[in-house]
Each structure stands twice: as C-alpha cells, then as structure tokens.
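Peer 1: Requesting a structural model of the entry that follows:
(one chain, ligands or ions: 2)
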Amino acid sequence: MSTLCVSGGRVLLPDHDVVRADVLVDRDEGTILAVDEDLDGDETLDADGCLVLPGLVNAHTHAAMTLLRGIADDKPLDAWLQEDIWPVEAALTSEDVRAGTELAAVEMIRSGTTAFADMYFEVDAVVDAVERAGLRARVGHGVVTVGKDDDAAREDASESIRAAERFDGAADGRVSTAFMPHSLTTVDPDVLREYTAEAREAGVPVHFHANETTDEVDPILDEHDERPLAWAREQGLLEPEDFLAHGVHTDASEHDLLAETGAGVVHCPASNMKLASGMAPVQDMREAGVTVALGTDGAASNNDLDVFDEMRDAAMLGKLAADDASAVPADAVVEMATQGGADVLSIDSGRIEAGANADLAVLDLDAAHLTPQHDLVSHLAYAATGSDVRHTVCDGQVLMRDRELTTLDAASVRERASEHAQALVDRA
Ligand SMILES: N[C@@H](CCSC[C@H]1O[C@@H](n2cnc3c(=O)[nH]cnc32)[C@H](O)[C@@H]1O)C(=O)O
Ligand SMILES: [Zn+2]
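Peer 2: Ligands and ions are numbered 1, 2, ... in the order given. So this is what the prediction gives:
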C-alpha cells in the first residue's frame with residue numbers, strides 16, 4: 001500500500017468540529033485510512049497553517065460553457081438561452097467541449113472542487129477531460145427536443161441513454177452517469193416518460209432542470225392543473241438518486257414530495273440571481289428534510305466555477321428569501337457544498353472520516369481576509385475564496401500541490417480554450 005499524509009493542519013470533521021490532526025490516505029484505494037495526531041505516510045502534503053476540508057462538490061454545471069463565459073450577460077433565462085446560448089452551442093464541436101471542460105477542470109481544481117455533475121454534450125470528450133484531470137464527476141448528455149421532429153427528439157434521448165450506459169464507471173470508477181433531460185418544458189412529455197423508463201432499466205439516475213423560472217411552472221400548472229414536481233413524479237421522475245437543478249419556484253407540497261422520495265435539489269444561487277430567476281426557498285426545503293446541494297450552473301450564467309462564492313451567495317440569498325438573518329447559516333452552506341453534494345451525486349465523499357473517498361481541499365489560512373480565526377466554518381462560508389486553496393486531492397491523488405497543478409498544464413489548457421472560444425464565436 002502506498003500512503004499520503006496530509007499533515008500539520010486543522011481538520012474539518014463531519015460534525016463541523018475543527019481539530020488539529022493529520023489525514024492519512026491510501027493512494028491505491030483512494031480512501032481515507034485515519035484522522036489522528038502524529039500520522040506518517042510515504043508522501044507528505046504540508047498543511048501547516050491550513051484547514052483541511054472535504055473537496056467541494058459542484059453538483060450542477062455545464063463545464064464546457066467556460067468557453068461561453070462573458071458572451072452574453074444581463075438577460076433573462078429564456079431570451080438568453082434562445083437568442084444567445086443555443087445558437088452558439090449549435091456550432092460547438094467535440095474538440096471545443098474537450099477544451100472547455102479542461103478549462104473548467106483547471107478552475108475547479110484550483111478552487112478546491114473535487115467532484116461535479118455535468119450536463120452537456122459530446123460526453124466522450126467530457127469523460128476524457130475528467131479522466132486526464134483526475135476529478136470525479138457524474139456526467140450526461142443533455143436532451144432538448146424543442147424544435148425537433150419526433151425522430152430527432154428520440155435520437156437525442158437515445159444518445160443520452162447510450163452515453164449513460166457507456167461511461168458509467170469510467171476513469172477507474174471516478175465517472176458515473178445519469179440520463180439528463182434538460183427540463184420539464186424543453187423535452188416532449190412522451191419522450192420524457194419513455195426514456196426515463198429506459199434509464200430505470202439501465203440503472204442510471206435522472207438529472208434535469210426544474211422550477212427554475214415561473215415561465216416553466218405556469219405552463220405545467222395551466223395544462224395539467226398540478227405542480228411541476230407532482231407532474232414529474234407521474235412521469236417516473238424523482239427516484240431516490242435523481243436530482244434536479246434549481247427548484248426556485250417550489251411550494252411546500254413539492255418540498256414534502258422531494259423529502260419523501262429522497263430526490264435531491266441543487267441550489268444555484270448565483271445563476272438564479274444573475275438571470276433574475278428568483279429566490280429558492282432553501283430554508284424551507286431544508287426544514288422539510290430535502291437534501292440540498294450547491295451548483296454553479298454553467299460559467300456563462302455565474303460567471304465562474306468557484307463553490308466558495310456559491311456558499312456565500314447561498315447564505316446571503318437564503319436570508320433574503322426567508323426574510324430572516326438566521327436562515328441558511330454558515331454551517332448549512334458548508335454542509336450543502338460537501339456532504340449534501342456527495343449525497344446528491346451518490347458518492348462516498350464530502351466527509352473526512354476513515355473509509356470515505358480521499359477527496360480533500362487544503363485551504364491556506366495565512367491571509368488578511370482570514371484573520372482572526374474565531375470560527376473557521378464562518379470563514380468557509382463568508383470570507384474564504386477559491387484562490388485560498390493550496391492543495392487539492394481527489395481519489396487519493398494530489399491534483400494540485402502548492403498551487404501547481406499536477407495533472408493538467410494550466411497554461412496550455414487556458415491557451416487552447418481561448419483559441420477554441422475565439423474560433424467558435426467567429427464561426428457562430
Ligand atoms: N442536446 C442539447 C444540449 C443540452 S445540454 C444542457 C443545456 O443547458 C443549458 N443551460 C445552461 N444554464 C442553464 C440554466 O440555468 N437553465 C436551463 N438551461 C441552462 C446549456 O446552455 C445547454 O444548452 C442540445 O442539443 O441543445
Ligand atoms: Zn443548468
């Protein structure tokens with residue numbers, strides 16, 4: 001067995017106590033062996049003056065949209081997608097997706113994110129990028145049937161099932177998959193129902209956008225006279241491992257349904273604010289027992305992939321939404337970015353404990369904005385930023401050591417992404 005010892009730091013435990021301890025990792029198995037004082041490993045990662053926390057989980061993104069960062073801002077969802085984003089995405093090639101996903105991987109590793117959920121296309125290129133980067137991901141092909149005839153709609157949905165079957169377990173098990181219908185209003189209901197049944201047969205969960213704007217809720221209310229998530233349940237969605245992005249416009253009956261079924265919600269506060277989609281009732285969801293995770297959504301509606309920003313945004317927006325400064329406290333957003341995200345992705349990460357996946361971020365506390373240190377959970381939620389991360393470990397492998405990436409060449413990834421982004425805009 002070959003071991004790695006993250007030594008000399010303070011460690012964020014699952015109950016959010018912070019203790020001085022070393023973390024010993026089995027590099028072959030990619031798991032945590034022990035959390036204790038005075039441990040030794042074959043290799044050491046210095047965490048002196050640092051906080052060791054679980055690698056953060058970005059539970060909803062479209063990674064390759066890094067190429068579209070800054071292309072169209074300051075518009076509502078519908079117009080933004082239809083006028084700006086979808087026309088450019090129609091010109092995306094597999095090589096673009098590879099370049100954009102690698103750029104996303106650099107950004108995520110640098111900001112301490114070790115696992116993410118990705119809904120996009122050219123899934124083979126996404127999986128290649130995840131494999132090379134050393135990250136963990138649940139990936140899938142997003143299905144949109146708006147404007148397509150029945151054959152093309154079914155082909156798109158079949159592609160999503162095929163990709164989910166083909167790549168589940170790839171990259172030594174770091175990649176898992178899902179069937180990914182884009183949303184309840186952008187996929188034809190028959191296609192949604194039939195291919196969700198196929199996903200069940202294939203044994204993969206379903207990930208989709210839901211209740212993001214009132215424009216998505218109202219048509220379902222009008223047509224079916226029921227809430228979108230009740231309707232979704234009737235179509236076969238909301239099994240325990242399923243997870244939806246947003247859930248901004250949800251009511252108490254939908255929170256109960258989510259809690260009952262065990263399906264998760266990925267809250268994307270920055271995207272919701274930027275597109276003025278609304279304020280998700282996160283405090284109500286948590287009180288109802290819903291599993292809530294955090295996501296950045298794509299870089300074009302955020303405009304970065306830093307989950308530290310998302311924690312702060314979630315805490316701030318949660319208070320505004322509840323009109324209560326005690327709502328969505330620091331502790332809650334840290335939980336959402338770690339254990340909540342791991343639960344939603346159905347991975348055994350998000351906690352520093354023997355037996356769990358060795359997915360870690362080591363945060364350098366030697367900074368003016370992290371001084372003094374009364375409460376490190378407060379700092380994670382409100383004061384820290386992705387660039388404070390010094391080392392990143394995923395599956396027992398060091399992906400960043402002293403702010404130097406080990407798996408990807410950050411400079412050439414950035415250069416390639418810039419070239420692909422420019423060529424894409426010229427073409428589209
Ligand atoms: N096969 C589909 C691709 C769908 S991928 C998922 C889609 O979600 C889009 N997207 C990004 N952010 C959001 C959001 O906040 N809400 C809804 N869709 C989004 C993204 O641009 C991408 O087109 C097609 O041929 O168009
Ligand atoms: Zn999205």
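Peer 1: Now for Asp256, how many residues are close by?
Peer 2: 14 (other C-beta atoms under 10 Å). C-beta: built from backbone N, CA, C; applies to glycine.
Peer 1: Quick check: it touching Ala288?
Peer 2: Yes. Counting by C-beta atoms under 8 Å, Ala288 is a contact partner of Asp256 at 6.0 Å.
Peer 1: can you pull the contacts of Arg136?
Peer 2: 114-116, 130, 174-175, 347, 349, 357, 359, 394-395 (C-beta atoms under 8 Å, 6 or more residues apart in numbering).
Peer 1: Between these, identify the one with the most neighbours.
Peer 2: Asp359 (35 neighbours).
Peer 1: from memory it sits against Leu53, does it?
Peer 2: No. Using C-beta under 8 Å, Asp359 makes no contact with Leu53, being 10.2 Å away.
Peer 1: can you list the residues of the chain near ligand 1?
Peer 2: 62, 77, 81, 85, 89, 119-121, 142-144, 156, 182, 209, 212, 271, 297-298, 301 (C-beta under 6 Å from any ligand atom).
Peer 1: and if we set it to 8 Å?
Peer 2: 62, 65, 68, 77, 81, 85-86, 89-90, 119-121, 141-144, 156, 159-160, 180, 182-183, 186, 209, 212, 245-246, 268, 271, 275, 277, 297-298, 300-301 (C-beta under 8 Å from any ligand atom).
Peer 1: Strands along the stretch 101-250 of the chain, start to end?
Peer 2: 113-120, 136-143, 175-177, 180-181, 207-210, 243-246 (DSSP state E, counting those that start in this stretch).
Peer 1: Figure out which of the ones you listed is closest to Ala263.
Peer 2: strand 243-246 (6.2 Å; C-beta to C-beta).
Peer 1: what packs against that closest one?
Peer 2: strand 56-61, strand 207-210, strand 264-267 (3 or more C-beta pairs under 8 Å, 6 or more residues apart in numbering; DSSP states H and E).
Peer 1: one more time with 10 Å
Peer 2: strand 56-61, strand 113-120, strand 207-210, helix 228-234, strand 264-267, helix 269-274, helix 341-345 (3 or more C-beta pairs under 10 Å, 6 or more residues apart in numbering; DSSP states H and E).
Peer 1: Partner strands of it and their direction?
Peer 2: Paired with strand 243-246 in the same sheet, following DSSP bridges, are strand 207-210 (parallel), strand 264-267 (parallel).
Peer 1: elements contacting the helix or strand following that strand?
Peer 2: Past strand 243-246, further along toward the C-terminus, the next helix or strand under DSSP states H and E is helix 252-261. Contacts defined by 3+ C-beta pairs under 10 Å, 6+ apart place helix 252-261 against helix 228-234, strand 264-267, helix 282-288.
Peer 1: Tell me which of these sits most buried.
Peer 2: Stretch with highest mean neighbour count among these: strand 264-267 (a mean of 30; mean count of other C-beta atoms under 10 Å).
Peer 1: Mean confidence (pLDDT) on that strand, please.
Peer 2: Strand 264-267 comes out with an average pLDDT of 98.
Peer 1: what's the answer for stretch 283-297, then?
Peer 2: 98.
Peer 1: Looking at the contacts of Arg136, spot the one nearest ligand 1.
Peer 2: The nearest member of the contacts of Arg136 to ligand 1, counting by C-beta to the nearest ligand atom, is Phe116 at 14.1 Å.
Peer 1: which ones are touching that closest one?
Peer 2: 56-61, 63, 104-105, 108, 130, 135-139, 295-296, 305, 307, 341, 345 (C-beta atoms under 10 Å, 6 or more residues apart in numbering).
Peer 1: Quick check: of the contacts of Arg136, which lies closest to Arg193?
Peer 2: Val175 (27.0 Å).
Peer 1: thinking again about what came up before, in TSV: the strands of the stretch 101-250 of the chain, plus mean pLDDT.
Peer 2: As requested, the strands of the stretch 101-250 of the chain are exported to TSV (pLDDT from 0 to 100):
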stretch	mean pLDDT
strand 113-120	99
strand 136-143	98
strand 175-177	98
strand 180-181	98
strand 207-210	98
strand 243-246	98
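Peer 1: and among those strands, the most buried is which?
Peer 2: It is strand 180-181: most buried of the strands of the stretch 101-250 of the chain by mean count of other C-beta under 10 Å, with a mean of 30.
Peer 1: Show me what it pairs with in its sheet, parallel or antiparallel.
Peer 2: strand 136-143 (parallel).
Peer 1: Now do the strand it pairs with against strand 56-61, angle only.
Peer 2: In terms of direction (axes from the mean of the first three to the mean of the last three C-alpha atoms, to 10 degrees), strand 136-143 departs from strand 56-61 by 10 degrees.
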